[in-house]
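got a sequence here, can you model it:
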Amino acid sequence: MSDTYLTTEELSTRIKYDCRTIRERLKDSVLLEGVHYIRPFGGRKILYIWETIEKDMFQHSAANGLVVPMAGGGVCNG
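Here you go, the predicted model:
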């Protein structure tokens, strides 16, 4: 496995979102445990998987040209 694991602060720098936004709005609605992040050794520390996040950002961006984001994390196609 050669994935790049990032802390919340490192991810924040890469995607230009505030750490607080990642923790409170993206985690568990857009970024899913076991897919986009892990908790190594069952602890509290979270490590984000950069390659998966980057791939999903580009796929979502290309697939959803005109969408309205919904409060529950879904989208409405406009």
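
so where's this structure shaky on pLDDT?
1, 61-67, 77-78 (pLDDT under 70).

swap the cut-off to 80 and go again
Filtered on pLDDT under 80, the chain yields the residue ranges 1, 60-70, 72-78.

show me the strands in the protein, by range?
Taking DSSP state E as the criterion, the chain contains strands spanning 5-6, 37-38, 47-49, 67-69, 75-77.

which one of the ones you listed is the most hemmed in?
Burial of these is given as mean neighbour count (mean count of other Cβ atoms under 10 Å); strand 47-49 ranks first at a mean of 20. For glycine as for every other residue, the C-beta is placed from the backbone atoms N, C-alpha and C.

residues in contact with that one?
Contact partners of strand 47-49, identified using Cβ atoms under 8 Å, 6 or more residues apart in numbering, comprise 3-8, 10-11, 31, 35-40.

which of the residues you listed are buried?
5-6, 8, 11, 31, 36-37 (16 or more other Cβ atoms under 10 Å).

which one of those residues is nearest Val68?
Leu31 (20.3 Å; Cβ to Cβ).

returning to what we had before: looking at the strands of the chain, which is nearest to Tyr17?
strand 47-49 (11.5 Å).

distance between the closest one and the chain's centre?
9 Å (Cα atoms, centre = their mean, to the nearest Å).

which ones are touching Cys19?
Counted by Cβ under 8 Å, 6+ apart, Cys19 has contacts 8-9, 12.

would you mind giving the strands of the chain as JSON lines with distance to Ile22 added?
Converted to JSON lines, those look like this (distance: least, Cβ to Cβ, whole Å):
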{"stretch": "strand 5-6", "distance to Ile22": "10"}
{"stretch": "strand 37-38", "distance to Ile22": "10"}
{"stretch": "strand 47-49", "distance to Ile22": "8"}
{"stretch": "strand 67-69", "distance to Ile22": "16"}
{"stretch": "strand 75-77", "distance to Ile22": "19"}
